[in-house]
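Visitor: Sequence and predicted structure, then a few things I'm wondering about:
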Amino acid sequence: MKIIGLIASPRKEGNTAWIVNKILEGAKEQGAETQSWYFSDLDIKPCQSCLCCHNNGDRGCIINDDMQKLYDAIEHADTVVFGSPIYMGQMSAQAKIITDRLFAHISPRFSPYYKEKAAKKKLVLMFNQGNPDSSKFQQYIDYTKHIFEMLEFDVKVVPVVTGMRNEPAHERKGLDTAMKDFGSSLVSEYSAS
């Protein structure tokens, strides 16, 4: 089993990275092959809405940047752990760039550009936020889950890790074990299917 972590945060060593890597660590302990991708290490430009990815056959995105590496990594992964902090009530700008750029690779069925190339793999949606109220942005989280389901990912949402402005993830008692256990369960579920 191969699991990749997409860390869509501007901070390479922040809460999002720590949480995603704990999930991957738990999966790795159960035998999964894992790899982390840090947005801060990548050169990924926003979608230019040129539609070259769809209007000129099946050539994919013409922007020559590191998103090409992510397309390949997603293609070869069994599960994608997509981690983002919640900024201003929604995913980070970095997460939005990745999400928008998926259009060149995977189009929803309702799109006039739909290709029989749906994701059909598990995607774990992991958010963390400064606000202590776990339901504060639930409508947005549900909306984001729906976006990835339209791309035909099998979406699983990790409970939102809250209160990040008061206590960083690495200091949160029991969070490392909970995230590693979650990662371990991904391997168990995969093995059972």
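Guide: Good, I have the coordinates.

Visitor: Longest helix in the chain, by number of residues?
Guide: helix 175-192 (DSSP state H).

Visitor: Please list the residues outside that one that contact it.
Guide: 1, 3, 19, 22-32, 78-79, 122, 124, 158, 161, 169-170 (CB atoms under 8 Å, 6 or more residues apart in numbering). Where C-beta positions appear, they are placed from N, C-alpha and C, glycine not excepted.

Visitor: mind listing the helices for the chain?
Guide: Using DSSP H, helices in the chain cover 15-29, 52-55, 67-76, 93-101, 138-150, 175-192.

Visitor: Let me have those in TSV, adding mean neighbour count, distance to I44 and mean pLDDT as columns.
Guide: Output for those, formatted as TSV (neighbours: other CB atoms under 10 Å; distance: least, CB to CB, whole Å; pLDDT from 0 to 100):
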stretch	mean neighbour count	distance to I44	mean pLDDT
helix 15-29	23	16	97
helix 52-55	16	15	80
helix 67-76	16	5	94
helix 93-101	19	6	95
helix 138-150	15	18	93
helix 175-192	17	25	91
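
Visitor: Looking at these, which is nearest to S9?
Guide: helix 15-29 (3.9 Å; CB to CB).

Visitor: who does that closest one touch, helix- and strand-wise?
Guide: When contacts are defined as 3 or more CB pairs under 8 Å, 6 or more residues apart in numbering; DSSP states H and E, helix 15-29 packs onto strand 2-7, strand 33-38, strand 79-87, strand 122-128, helix 175-192.

Visitor: per-residue pLDDT, the residue sitting nearest the centre point of the chain?
Guide: Nearest to the mean C-alpha position of the chain, counting by CA atoms, centre = their mean, stands F82 at 1.5 Å. F82 carries a pLDDT value of 98.

Visitor: is it true that it touches K121?
Guide: No: with contact defined as CB atoms under 8 Å, F82 does not count as touching K121 (11.7 Å).

Visitor: Dump the helices and strands packed on helix 15-29 to TSV, plus distance to C50.
Guide: Supplementary listing: the helices and strands packed on helix 15-29 in TSV, determined by distance: least, CB to CB, whole Å:
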stretch	distance to C50
strand 2-7	24
strand 33-38	24
strand 79-87	25
strand 122-128	26
helix 175-192	36
